[in-house]
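Student: Please find the sequence and the predicted model below.
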Amino acid sequence: MQRNLLMGLGFVAATALSSTASASALIEGALDLLVDGGNNFTWQKVELPGTTCGNGSQYKFFVRNTGSQNVLFFMEGGGACWDYDSCSGRLGMLGAANPNGLGDDYMTTFTAKYVSPLVNGADPGLPGRSRTDLPTKDWNIVYLPYCTGDVHVGDKTVTYTDPTGVEPPLVWHHNGYDNTIAAANYAKSLFPNTQKLLVTGFSAGGTATAAGYYFIRKIIAPKNKGYYLNDSGPIYLAPNANSNSRPLHNKIRQSWALDGVFATLPSTFNPNNMGSINDMVAKAYPNDQLAYTAYTRDYNYSRYSYERFYTPNDQEAVLVRWKQDQDALVNQLKTNTNFSYFIPHHREINDSHCSTIITFIGSHACKDMKKKTGLEIFEMPWNQGYKCPSEMVSMTTFLQRFINENKVVRIYEPENWYNNDDAGMSIVGPLINGALGG
């Protein structure tokens, strides 16, 4: 039964990917059948004065009020922009999300409905595997869509000129900071007795978690404790001009007018080394639980970080820089007793970008993963060329330990291709990648 269903889904995926006219509908339909992971929550739309999308239209965020004492403050991801091509939508997936603003029905779109198991409160079931409830099930939710191209913290209106000279100049509102602060104040008024606060997001939303946690935590001020989970949006150390991430940091600092935002942070933050924000947050909230998760083979965020600033800029050259910066980040996080990290090597979904999107298949990590040798090749499962001699920790288990048990979890997985040998990944991967547009 399971094998037949998987074969059927594989046929649907192949059919969808080969048709341009109906590919999107077919893929999303197949994904809906596959993951059983979308939410059908009742959402309250919130529009506040002074909040805008990049194109100047009204910003909207959405709230789910369950009566819980806990709040999930969720910041959506979706690229970044600092010029005409990336802000206008011309650059495609490597530009800003939602360049044309947000519709009132935004929470029924693919991203809002499916992308985050944390929002949906469960890791979606796959054929032969039931849904698994997560610690965030039935929490109040403040969901911030992303439409400003500035990782939710920009503070500048810019006019970008079309380099081709064909289109008129684009007035773009990097208004993420005001949007985020307004949403946090609204959350405080709506949920004044918050016991637990989890601030999280993926990709650009992960960066926003690191960059905005200090402000959000200070405003909402949970009575129990705060939790911070940055999924694949690292703010790497860049202490000097030769640092891998310094060109990116210089670019966004100027384009988004971040110095004004930096001025409101504690003095333990060094604006000339943006990666110092990780230590700053850990010291500002020493009793909070903080965590970073990402993949070593992330070939999405790494492209933003280096591709437009360095040559050679092929995949392996980009990933070498990413690994160097990631190693430095892990060494930094180790010095803070309240910082966890959970870093699998890769999975064939979304170019190994984001650990907490769509489904947790492939979001496991093993501290001691190794290639099978000798008689180990006969160990089950036979199709696997790698094994975990210690404990294979799933994302669900990590979240349980991190949020419910308040444990610091630290796993930095060595190089391995375990997910390549997972037969289910060859079916799930194309479906999800098709739905994500890549």
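Tutor: All right, it came through fine.
Student: neighbours around the residue lying closest to residue 39 once chain neighbours are set aside, how many?
Tutor: Closest residue to residue 39 apart from its sequence neighbours, by Cβ to Cβ, 6 or more residues apart in numbering: residue 120 at 4.5 Å. C-betas here are computed from N, CA, C, even on glycine. Residues within reach of residue 120, counting by other Cβ atoms under 10 Å, total 22.
Student: Look at residue 120 and report its pLDDT.
Tutor: Predicted confidence (pLDDT) for residue 120: 95.
Student: so it sits right up against residue 72, yeah?
Tutor: No: with contact defined as Cβ atoms under 8 Å, residue 120 and residue 72 do not form a contacting pair (10.6 Å).
Student: hmm, back to that, quick check: the residue nearest to residue 39 vs residue 95, distance?
Tutor: 27 Å (Cβ to Cβ, to the nearest Å).
Student: do residue 211 as well
Tutor: Distance from residue 211 to residue 95, by Cβ to Cβ: 20 Å.
Student: With residue 325 instead?
Tutor: As judged by Cβ to Cβ, residue 325 and residue 95 stand 23 Å apart.
Student: again with residue 107
Tutor: From residue 107 to residue 95 the distance is 23 Å (Cβ to Cβ).
Student: cool, and residue 208?
Tutor: Going from residue 208 to residue 95 by Cβ to Cβ gives 17 Å.
Student: ok, these two, which is more surrounded?
Tutor: Between residue 208 and residue 95, counted using other Cβ under 10 Å, residue 208 has the larger neighbour count: 29 against 21.
Student: how about that one, what does it touch?
Tutor: 75, 151-153, 176, 180, 201, 233 (Cβ atoms under 8 Å, 6 or more residues apart in numbering).
Student: Which of those fall within helices?
Tutor: 176, 180 (DSSP state H).
Student: Which of the contacts of residue 208 sits closest to residue 346?
Tutor: Taking Cβ to Cβ as the measure, residue 233 is the one of the contacts of residue 208 closest to residue 346, at 17.7 Å.
Student: quick one: low-confidence parts of the chain?
Tutor: Scanning the chain for pLDDT under 70 picks out the ranges 1-37, 125-129, 437-438.
Student: Quick one: list the elements packing against the helix ranked longest in it.
Tutor: For the chain, the helix with the greatest residue count under DSSP H is helix 315-334. Other elements packing on helix 315-334 under the criterion 3 or more Cβ pairs under 8 Å, 6 or more residues apart in numbering; DSSP states H and E are helix 277-284, helix 301-306, strand 339-343.
Student: if you set the cut-off to 6 Å instead, what comes out?
Tutor: helix 301-306, strand 339-343 (3 or more Cβ pairs under 6 Å, 6 or more residues apart in numbering; DSSP states H and E).
Student: Go through it and flag the buried ones.
Tutor: Buried residues in helix 315-334, counting neighbours by 16 or more other Cβ atoms under 10 Å, are found at 318-319, 321-322, 325-326, 328-329, 332-333.
Student: again with stretch 190-206
Tutor: 191, 194, 196-206.
Student: so which of those comes closest to residue 237?
Tutor: residue 206 (16.3 Å).
Student: Can you name the residues that contact the closest residue to that closest one other than its chain neighbours?
Tutor: With sequence-adjacent residues excluded and distances taken as Cβ to Cβ, 6+ apart, residue 206 is closest to residue 233, at 2.5 Å. Residue 233 makes contacts with 203, 206-207, as judged by Cβ atoms under 6 Å, 6 or more residues apart in numbering.
Student: if you set the cut-off to 7 Å instead, what comes out?
Tutor: 201, 203-210, 301 (Cβ atoms under 7 Å, 6 or more residues apart in numbering).
Student: Just the ones of these in strands?
Tutor: Under the assignment DSSP state E, the contacts of residue 233 contribute residue 201 to strands.
Student: May I see the contacts of residue 233 arranged in a markdown table, with distance to residue 45 as well?
Tutor: Listed next are the contacts of residue 233 as a markdown table, based on distance: Cβ to Cβ, whole Å:
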| residue | distance to residue 45 |
| --- | --- |
| 201 | 19 |
| 203 | 24 |
| 204 | 22 |
| 205 | 19 |
| 206 | 25 |
| 207 | 25 |
| 208 | 21 |
| 209 | 23 |
| 210 | 27 |
| 301 | 30 |
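Student: with the contacts of residue 233 in mind, which one is nearest to residue 280?
Tutor: Among these, and counting by Cβ to Cβ, the member closest to residue 280 is residue 210, at 9.9 Å.
Student: wouldn't the closest one be in contact with residue 232 here?
Tutor: No: Residue 210 lies out of contact with residue 232 (Cβ atoms under 7 Å); the separation is 11.0 Å.
Student: So what's the residue count around residue 66?
Tutor: Using other Cβ under 10 Å: residue 66 sits among 15 other residues.
Student: And residue 373, by the same measure?
Tutor: When neighbours are counted by other Cβ under 10 Å, residue 373 registers 9.
Student: do residue 367 as well
Tutor: Residue 367 has 15 neighbouring residues, counting by other Cβ under 10 Å.
Student: Now do the same for the residue nearest to it when sequence neighbours are not counted: helix, strand or coil?
Tutor: The spatially closest residue to residue 367, leaving aside those adjacent along the chain, is residue 411, at 5.0 Å (Cβ to Cβ, 6+ apart). Using DSSP: H, G, I helix; E, B strand; the rest coil, the structure places residue 411 in strand.
Student: Residue 112 contacts residue 106, correct?
Tutor: Yes: Residue 112 lies in contact with residue 106 (Cβ under 7 Å); the separation is 5.8 Å.
Student: Please report phi then psi for residue 271.
Tutor: Dihedral angles of residue 271 (phi, psi; degrees, to the nearest 10) stand at phi -60, psi -20.
Student: In this structure it contacts residue 264, no?
Tutor: No: here residue 271 does not reach residue 264: they are 11.3 Å apart, not a contact under Cβ under 7 Å.
Student: more neighbours, those two?
Tutor: residue 271 (15 against 11).
Student: and the nearest residue to the more buried one once chain neighbours are set aside, how many neighbours?
Tutor: Leaving aside its chain neighbours, residue 271 sits nearest to residue 262 (4.4 Å; criterion: Cβ to Cβ, 6+ apart). Look at residue 262: counted by other Cβ under 10 Å, it has 17 neighbours.
Student: Make sure residue 262 is actually in contact with residue 272.
Tutor: No: in this structure residue 262 lies outside contact range of residue 272 using Cβ under 7 Å: 9.8 Å.
Student: just to revisit the earlier point, which among the contacts of residue 233 gets closest to residue 310?
Tutor: Ranked by distance to residue 310 (Cβ to Cβ), the contacts of residue 233 are led by residue 301 at 15.0 Å.
Student: what's the burial count for the closest one?
Tutor: 26.
Student: My read is that it contacts residue 205, right?
Tutor: No: contact criterion Cβ under 7 Å: residue 301 and residue 205 do not qualify, at 11.4 Å.
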